[in-house]
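In: just the structure for this:
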Amino acid sequence: MKKLTLTMAICCGLLSVQSMAESVILNPYQILNVQSGQLYKAQILVENGKIIHIGSNLNKKTADAKVINLPHLTLMPGLMDAHVHLMGNTELKGYAGIGESSQLATIYGVDNAKKTLLAGFTTVRNVGAGHFSDVALKEAINKGVVIGPTMFVSGPALGITGGHCDSNLLPHEYDRQSEGVVDSPWEARKQVRKNRKYGADLIKFCATGGVMSKNTDVNAKQFTLEEMQAIVDEAHNHGMRVAAHAHGLEGIRAAIIAGVDSIEHASFIDDATIKLAKERGTRLAMDIYVSDYILGEGAAKGILEESLAKERTVGKIQRQNFKKAVQAGANVVFGTDAGIYPHGDNARQFKYMVDWGMTPLQAIQAATIRTAELFDLSDTGEIQENFSADIIGIRGNPLENISLLENVVFVMKNGNIVKR
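Out: Take a look at the predicted model:
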């Protein structure tokens, strides 16, 4: 009866096959080396959440290990997304979201985290969440209360009064302002310290206006250079990475000069600023799938016409500049803005990355080794001995058809099978 219950739970993606302490041998059809693009035959021995050994006939050498036969699957490292918004009901757009409490948003976050993990994304970066709800979700996942990806979280995003990271939907008599609003270098430093105090791993700030905010211009720089430098300096003092939301060129350039670790969106970046990003080691997280969702389904979902009009000016030029960045050899990581579109569809962006200039291997590297570097993870993002056992499986060869990543059928996180 116990075996039947476990089997049913595995099929539903609710429980793992084994505890982390149990030795498991994965026996797939083939394995993808994301560094070289090589596909090779081997077995993988997993113990205590780590990849212990990769080789042949491991089942004969480790008699007490449980063998998991995956005869039709290509195994590869778990995917990573550097730009998600797990908190809240993704169906609520525009004014519809005003009535959602932070508590309800957190409960939706539990479901969104599960969908994300079962889609093969074993590590994500949540960039912006009110009331430190993303910290709570991260802690619940780490304690095994709920299932979800490994999370790096920012807490409330920093922004100027009336900017993209403020709350601009309600009129002035409501006196509504977002938690992360700061209007001077010292206010900015204080908010960085507060975010760190309450559990944030990184800092996110808005360097320009945005598509989804009311009464902001995507090309308008927000924050002075001095304010940006204060945010970056304070965050780096505490060992925290900094992500800057930036569509417009002036804001992108100022954020890079200020020393941010990644530019989110980077829509209007130009050749000179791509070169500057390369020189400074700044990563680019360009969400080139989400435009199709916004313009295709946004109106029906309640996205404001102001936002739809801005997206019409942003979407195509962002993709053109993505292609320029790839051709120039910029460090492009995988970031999708999940939460604007439904969670679990993150892998739809791979096809767009290939259509706009990347090889399938480059797109996979963006979502594994490149994003792992941004996350400062030295033992994640590859199937290598002594690396974390974050492993996914698909049917077929993703180097021949990148869209296969939209249908992940096997997921192991930290040595635990959560989808099979």
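
In: quick check: which element contains the nearest residue to Leu32 once chain neighbours are set aside?
Out: Distances taken as C-beta to C-beta, 6 or more residues apart in numbering put Met76 closest to Leu32, at 4.2 Å, once the chain neighbours are dropped. Every C-beta, even on glycine, is put in place using the N, C-alpha and C of the backbone. Under the criterion of DSSP states H and E, Met76 resides in strand 66-77.

In: try Lys60
Out: Per DSSP H and E: helix 58-61 holds Lys60.

In: what helices and strands are in contact with that helix?
Out: strand 24-32, strand 43-47 (3 or more C-beta pairs under 8 Å, 6 or more residues apart in numbering; DSSP states H and E).

In: out of these, the one nearest Leu92 is which?
Out: strand 24-32 (37.7 Å; C-beta to C-beta).

In: average pLDDT for the closest one?
Out: Averaged across strand 24-32, pLDDT comes to 97.

In: flag every buried residue along that strand.
Out: Val24, Ile25, Leu26, Asn27, Pro28, Tyr29, Ile31, Leu32 (16 or more other C-beta atoms under 10 Å).

In: and the most centrally placed residue in the chain, how far is that from Arg241?
Out: The chain has Asp81 as the residue nearest its centroid, 2.4 Å off, counting by C-alpha atoms, centre = their mean. As judged by C-beta to C-beta, to the nearest Å, Asp81 and Arg241 stand 15 Å apart.

In: same check, this time on Gly209
Out: Gly209 is 23 Å from Arg241, where distance means C-beta to C-beta.

In: just Glu311 next, same as before
Out: 27 Å.

In: for the residue nearest to Leu32, give me its contacts.
Out: Ile31, Leu32, Val34, Ile364, Thr368, Ile383, Ile391, Ile392, Gly393, Ile394, Pro398 (C-beta atoms under 8 Å, 6 or more residues apart in numbering).

In: look up the closest residue to the third one, ignoring the ones flanking it.
Out: If the residues on either side of it in the chain are set aside, Val34 comes closest to Thr368, at 4.9 Å by C-beta to C-beta, 6+ apart.

In: contact partners for that neighbour?
Out: Neighbours of Thr368 in contact, by C-beta under 8 Å, 6+ apart: Val34, Met76, Pro77, Gly78, Leu79, Met80, Gly381, Glu382.

In: just to revisit the earlier point, just want the angle from the strand holding Met76 to strand 24-32.
Out: 30 degrees (axes from the mean of the first three to the mean of the last three C-alpha atoms, to 10 degrees).
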